Every structure is written in C-alpha cells, then in structure tokens.
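Visitor: using only what follows, build the 3D model:
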Amino acid sequence: MNAPGKGLLKVTSILFIIFGAISTIISLLAVLASAALTSVAGELAGEAGVAAGGVLVIATIILLISSVLMLIIGIIGVGKKSNDPSKAGYYIVTGIILCVLSLISLVIGIANGGFQWTSLVSFILPILYIIGGSMNKKVAVTQ
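Guide: Numbering: from 1, shown residues only. Just a heads-up that it's a prediction; the model follows:
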C-alpha cells in the first residue's frame, strides 16, 4: 500500500525515541535528586520540608512517566504502523493526546515566566504525528 506519510511518521517516531530516552535519563536523575533533597529538607525543616519535598518527588515522577510514554510511543510508531494507511488513527489519536499535554506544559511554563525550547519541540512533534497520520488516512479513505 502507498503510505505518503510514512517518512514523516518514521522520522518523527525516531525523534520521539531520542527525546524520550534523553528525557527519561534526566527524569530518573531528577527523581533521585528530589528524593535526596526531600530527605535533607526533612532533617532541616521537619514536616514542612518533607511536604515540600514530597511535592517535588511527585512532580518528577510525573515527568518520568511522560518521558517513558514518549519513548514507548516512538518505539511503537517506528514499527509497521507507519506503512499501513489503515493504522493512521493511531498516529492521529496519540498526536492529539500528546499535543494537548504538551500545550498544557508549554502554557504553564510561559505563565511561570520561562519559555523552554524543549516544551516547544514537545508540542511540534505531536503535530507532525497528526499531519503524517492525516496523510495516510486520506489514502486509506480513497482505497
């Protein structure tokens, strides 16, 4: 079958894998650092330090989960789904979900006074998934 979005989907999936792997490593380090910081804060500030550190640990765990999700979506996307126009829905749905999550992250980052290029990349990659999935879906509909 002819899948016009195949190249775009494969490249985007590989970028998801690269950014997901880097992000997962950084997130793991952040979880370890936040756990150590929580321990120190508990010793120095008591319950207030533990509460603040607990929030930090939870935030870094959420970051770790989203990084692993990006890695998994990239691995699944590199597979045979990109060659099959009938599987275009996967790319469109995952692209929309990731786009919404990334948009929330981007808006929160800007609202807190800081723009991060990684947030922008995390927003653009799902858009490319949606575009590639739409290209394949057009072919699937006409067949």
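Visitor: check which helix or strand covers Ala3.
Guide: Using DSSP states H and E, Ala3 sits in no helix or strand.
Visitor: which residues does the residue nearest to the spatial centre of the chain contact?
Guide: Centroid-nearest residue in the chain, with CA atoms, centre = their mean: Met70, separated by 4.0 Å. Shown in contact with Met70 (CB atoms under 8 Å, 6 or more residues apart in numbering): 16, 19-20, 23, 98, 122. Where you see a C-beta, it was placed from the backbone N, CA and C, and this is true even at glycine.
Visitor: in this protein, where's the longest helix?
Guide: helix 6-45 (DSSP state H).
Visitor: tilt between the helix or strand just after it and helix 6-45?
Guide: Downstream of helix 6-45, the next assigned helix or strand under DSSP H and E is helix 47-78. Relative orientation of helix 47-78 and helix 6-45, computed by axes from the mean of the first three to the mean of the last three CA atoms, to 10 degrees: 170 degrees.
Visitor: quick one: contacts of stretch 51-62?
Guide: Stretch 51-62 is contacted by residues 27, 30-31, 33-35, 37-39, 41-42, 45 when judged by CB under 8 Å, 6+ apart.
Visitor: let me have those in TSV, adding pLDDT as columns.
Guide: TSV is the format used below for the contacts of stretch 51-62 (pLDDT from 0 to 100):
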residue	pLDDT
Ser27	84
Ala30	85
Val31	85
Ala33	86
Ser34	83
Ala35	85
Leu37	83
Thr38	82
Ser39	82
Ala41	79
Gly42	79
Ala45	77
